[in-house]
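Enquirer: Starting from these lines, generate the structure:
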Amino acid sequence: MLEKLFHLKENHTNSRTEIIAGITTFMTMAYILAVNPLILSATGMDRDAVFTATALSSFVAIAIMAFFANLPIALAPGMGLNAFFAYTVVIQMGYSWEVAITGVFIEGILFIILSFFKVREAIINSIPINLKHAISVGIGLYIALIGFSNAGIIVQNDATLVSLGDLSDPKALLALSGIVITGILLVFKLKGALVFGIIITTLIGIPMGITPLPENGPVSLPPSLEPVWFSFDFSKLFTVDMLLVIFTFLFVDIFDTVGTLVGVCSKADLLDSRGNVPKASQALLADAIGTTAGAMLGTSTVTSYIESASGVQAGGRTGLTSLTVGILFLVSLFLAPVFLMIPGSATAPALVIVGLFMISPIQRINLDDYSESLPVFLTIIIMPLAYSISEGIAFGILSFVLIKTFTGKWKEISITLYILALLFLLKHLL
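Expert: Below is the predicted model of the structure:
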């Protein structure tokens, strides 16, 4: 049966290898079960309910990826996108989380439509490559800042805007210890270093009085979705801000998904003779349906995870690898008390390390051409300083269009980019 579903022999693999690869991928991305509820709870969302939504939405998207695309790629609510949801849309822009989740839902519907008409690839091609890399780098710095802030390592200061917090505070000390511990695990190339880093830091936090012991024991019924599911608010649908929110969700998710598909399939030697991802439309559809289902369940945008590469490294070649990850997400529902006892000081190191992972594209950015490097720099630096992913993207695209236009390089700008720049300009002037 497994052979018929996943064509194991054709892909030079077997069920044992695929299952081990799936376990490996799950271990490298299971941190999202602790981090996502913590980030979204900053908006007022019920943390327990978000945990269930995170696990279920991941399973739905992964199952579609496994059975329809037969690719070893796992999906879950995306890092960066959840931070944008919580800290920019809700906390900074002042919208309720219900309005934000509506934006995610609309994004998912648009993605489903765009997947059928192959518009996503066209949008990607219109954005300059250096700006694509810059967005990843900027989000990395933004996520790391959130991690430092959650742990009290970096605090707000009226005199200097930000400064070091009290490093003798137990929460800050625990987070700093976690960063060092996770770093050591990464150096030794331990599979699931982020997860083990969170676990060890959480355990250290028990005698320090920071980690609460679970009240219901390690195994219990999954938390109810009732506080967050189908909580839509369409009242702000036709505002400029909502259009910007939806665009940013679309924009970041597009690059996350396509970049992950190409990167993971390349490593697994699954690209066809022309360098294309096999069954790309089905894979993109899995991402779109996952996002839509996630919004209905009560979580931020679902996207493909680059951590899937760890499973490929372990031999994963088919959808059986990703299906194994999905099943493990379902099993984790019954371990909710364990995941929900993890304190912010134990997840902060994971945020900082994910920030490190996300800045790696900086190596591929051309800094010699100032018409390219200045927009890149503005994109990167504005995100953490303005505490906003969307503002970083806006500054990057606007500066790129203006500098290229006034230096006679307007032919390098696509019509799509001009339209985006105009929308950003109107948003800030109106």
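Enquirer: quick one: the helices in the stretch 301-430 of the chain?
Expert: Counting by DSSP state H, counting those that start in this stretch, the stretch 301-430 of the chain has helices at residues 308-313, 319-332, 336-340, 344-358, 370-386, 389-406, 415-429.
Enquirer: Among the ones you listed, show the one with the smallest mean pLDDT.
Expert: Mean pLDDT across those is lowest at helix 308-313; the value there is a mean of 78.
Enquirer: Only the buried residues of that one, if you could.
Expert: 308-312 (16 or more other Cβ atoms under 10 Å). Where C-beta positions appear, they are placed from N, C-alpha and C, glycine not excepted.
Enquirer: now do stretch 221-234
Expert: Here stretch 221-234 shows 222-223, 225, 227-229, 231-232 as buried, counting by 16+ other Cβ under 10 Å.
Enquirer: Check what pLDDT L430 gets.
Expert: So, for L430, pLDDT stands at 63.
Enquirer: Now do stretch 66-83: distance to the chain's middle.
Expert: How far stretch 66-83 lies from its chain's middle: 9 Å, per Cα atoms, centre = their mean, to the nearest Å.
Enquirer: What's the end-to-end length of that stretch?
Expert: 27 Å (Cα to Cα, to the nearest Å).
Enquirer: May I see the buried residues of that stretch?
Expert: In stretch 66-83, residues buried by neighbour count (16+ other Cβ under 10 Å) are 66, 68-83.
Enquirer: just checking, A100 touches T43?
Expert: Yes: using Cβ atoms under 8 Å, A100 is in contact with T43, at 7.1 Å.
Enquirer: Show me whatever sits in contact with both of those two.
Expert: 85, 90 (Cβ atoms under 8 Å, 6 or more residues apart in numbering).
Enquirer: how many neighbours does G315 have?
Expert: G315 has 18 neighbours, counted by other Cβ atoms under 10 Å.
Enquirer: ok, now which ones touch it?
Expert: 13, 17-18, 20-21.
Enquirer: just curious, which of these is nearest to P207?
Expert: Nearest to P207 among those is I20, at 34.7 Å by Cβ to Cβ.
Enquirer: Excluding chain neighbours, what is closest to that closest one?
Expert: Sequence neighbours aside, A314 is the residue nearest to I20 in space, at 5.9 Å (criterion: Cβ to Cβ, 6 or more residues apart in numbering).
Enquirer: per-residue confidence at the one you found?
Expert: 75.
Enquirer: is it possible to export the contacts of G315 to a markdown table including secondary structure, pLDDT and neighbour count?
Expert: Formatted as a markdown table, the contacts of G315 follow (DSSP: H, G, I helix; E, B strand; the rest coil; pLDDT from 0 to 100; neighbours: other Cβ atoms under 10 Å):
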| residue | secondary structure | pLDDT | neighbour count |
| --- | --- | --- | --- |
| T13 | coil | 89 | 21 |
| T17 | helix | 89 | 18 |
| E18 | helix | 92 | 27 |
| I20 | helix | 89 | 16 |
| A21 | helix | 87 | 28 |
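Enquirer: The helix or strand harbouring T292 to helix 319-332, inter-axis angle?
Expert: Element membership for T292, per DSSP states H and E: helix 280-297. Here helix 280-297 points in a direction 10 degrees away from that of helix 319-332 (axes from the mean of the first three to the mean of the last three Cα atoms, to 10 degrees).
Enquirer: And helix 280-297, what does it pack against?
Expert: helix 47-64, strand 75-77, helix 97-117, helix 240-267, strand 302-304 (3 or more Cβ pairs under 8 Å, 6 or more residues apart in numbering; DSSP states H and E).
Enquirer: least reliable of these going by mean pLDDT?
Expert: Here the lowest mean pLDDT among the helices and strands packed on helix 280-297 goes to helix 240-267, at a mean of 72.
Enquirer: Export stretch 158-171 to PDB, keeping only CA atoms.
Expert: Only the C-alpha atoms of stretch 158-171 are listed here, as PDB (Å, rounded to 0.1, in the frame of the first residue of the first chain):
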ATOM      1  CA  ASP A 158      13.600  56.400  27.000                       C
ATOM      2  CA  ALA A 159      17.100  57.800  26.800                       C
ATOM      3  CA  THR A 160      18.600  55.400  24.200                       C
ATOM      4  CA  LEU A 161      15.400  53.800  22.800                       C
ATOM      5  CA  VAL A 162      16.700  50.300  23.700                       C
ATOM      6  CA  SER A 163      19.300  49.000  26.100                       C
ATOM      7  CA  LEU A 164      20.500  45.900  27.900                       C
ATOM      8  CA  GLY A 165      18.100  44.700  30.500                       C
ATOM      9  CA  ASP A 166      19.100  43.300  34.000                       C
ATOM     10  CA  LEU A 167      21.200  40.300  33.100                       C
ATOM     11  CA  SER A 168      21.100  39.200  36.700                       C
ATOM     12  CA  ASP A 169      17.400  38.600  36.300                       C
ATOM     13  CA  PRO A 170      16.700  34.800  36.400                       C
ATOM     14  CA  LYS A 171      14.600  34.900  33.200                       C
END
